[in-house]
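Q: Predicted model, plus sequence, below.
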Amino acid sequence: MTTYDPSNVFAKILRGELPCVKVYEDEHTLAFMDIMPRADGHVLVIPKAPARNLLDVAEEDLARTMIVVQKLARAVKAGMEAEGITLQQFNEEAGGQVVFHLHFHILPRWKSVALRPHTGEMAPKETLERHAEAIRAALRQMA
């Protein structure tokens, strides 16, 4: 198995070397807006522990991350007034993984709205901030 590369983009975000629009953070996880969203309100959840993907993450780190994934899925659905949620997670290049730090995609879904293709187009920061605030407001209501 390939080893973890600490120069990946999510590791740089965790170290504060690259910006992100944070939605949630605790001692073990970080959730932030995907800058190339496939749906309005597309959030990424990552463990702070270095893990390439699901195949090599420590069980304890995975458990902590999944608790936050569930919490954020509920907040994304509520905050974005979505009808459902799609959860995606990719492993290794052949499995569709592009950034080699374990991450979970939470995509709010509506029956009449298809996911956008992954074109590499970045969303305006103002849009990401607006969606993040709606999700953070839902988190506050759940607390």
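A: Nice, I can see it.
Q: Please, where are all the helices along the protein?
A: 9-14, 59-79, 125-142 (DSSP state H).
Q: who are the neighbours in contact with the residue nearest the centre of the chain?
A: The centre of the chain sits closest to residue 44, judged by CA atoms, centre = their mean, with a distance of 0.5 Å. Counting by CB atoms under 8 Å, 6 or more residues apart in numbering, residue 44 touches 10, 31, 32, 33, 34, 103, 104, 105, 106. For the C-beta atoms, the positions are set from N, CA and C on the backbone; glycine is no exception.
Q: which of those lies closest to residue 80?
A: residue 106 (9.9 Å; CB to CB).
Q: Leaving out chain neighbours, which residue sits closest to the closest one?
A: Leaving aside its sequence neighbours, residue 106 sits nearest to residue 43 (CB to CB, 6 or more residues apart in numbering; 4.5 Å).
Q: follow-up on the earlier one: could I get the contacts of residue 44 in JSON lines, plus columns for neighbour count?
A: As requested, the contacts of residue 44 are exported to JSON lines (neighbours: other CB atoms under 10 Å):
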{"residue": "10", "neighbour count": "21"}
{"residue": "31", "neighbour count": "28"}
{"residue": "32", "neighbour count": "21"}
{"residue": "33", "neighbour count": "23"}
{"residue": "34", "neighbour count": "21"}
{"residue": "103", "neighbour count": "26"}
{"residue": "104", "neighbour count": "22"}
{"residue": "105", "neighbour count": "18"}
{"residue": "106", "neighbour count": "28"}
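Q: Cool, thanks, talk later.
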